[in-house]
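**Q** here is a sequence with its predicted model. Questions after.
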Amino acid sequence: MKTQYFDESFCDDYLFTKKFTPIKDIEKDCFELEDTIKKKFNNYLTDPFEGAPFTTKTFRHYNLLSVPRHSFHELYLFIKECVDNLLLESREPHYIQCWLNVYTKKTPSIDWHDHWKPEAKVCHGFYCASIPEPSGTLYKIPSEKDELYIPSVEGKMVIGKS
């Protein structure tokens, strides 16, 4: 049932993608929030991602989905719909956290990094809000010898098992 809901499923249901209509005003709201995050959390850089955007380095200090903006609420509904379809059989309680990755010429990407161990049963993903040029994400999936490239497309949600 999971793969019928998602547009694509990769590597024995390890990674899923779903395309939605792009969210109105989300890019504007993200840039406005980026300025607020930089001011509020300037002394809280605790994340080890070298070269990562400031908003990524401070992810432990905020949840984008708790900011009262219509675009962020719409994003929450999309994420919830995707996660609910992934957890259809188990219906385990879950928490959704979301932060910004604002890429620029100075910080065009994040270096390779791990997320959580499989026993943690954590999903990880992203939503593409604004793609100025062709880009994508490489995944190293435990059961695969080759890296998997997922192109970034505005409005696309990608969710994978960590």
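**A** Yes, it's here.
**Q** okay, now the unreliable bits of this protein?
**A** Residues of the chain that meet the criterion pLDDT under 70 lie in 1-3, 46-49.
**Q** ok, 90 please
**A** Applying pLDDT under 90 to the chain picks out residues 1-4, 11-14, 38, 41-61, 84-95, 101-124, 130-145, 152, 160-162.
**Q** specify the residue positioned farthest from the middle of it.
**A** Outermost residue of the chain with respect to the C-alpha centroid, by C-alpha atoms, centre = their mean, is residue 43; its distance is 24.3 Å.
**Q** what secondary structure does that residue sit in?
**A** coil (DSSP: H, G, I helix; E, B strand; the rest coil).
**Q** the residue minimising distance to the centre of the chain pairs with what?
**A** A centroid search over the chain (C-alpha atoms, centre = their mean) returns residue 126, at 2.0 Å, as the residue closest to the centre. For residue 126, the beta-bridge assignment (DSSP bridges) gives partners residue 158.
**Q** surely it touches residue 135?
**A** No: counting by C-beta atoms under 8 Å, residue 126 does not reach residue 135; the two are 11.5 Å apart. The C-beta positions use only the backbone N, C-alpha and C, and glycine is treated the same way.
**Q** name the residues that touch the helix or strand containing residue 83?
**A** Assigned by DSSP states H and E, residue 83 belongs to helix 70-86. Here helix 70-86 makes contact (C-beta atoms under 8 Å, 6 or more residues apart in numbering) with 1-2, 5-6, 16, 18, 20, 23-26, 29, 64-65, 94, 96, 98, 123, 125, 127, 157, 159.
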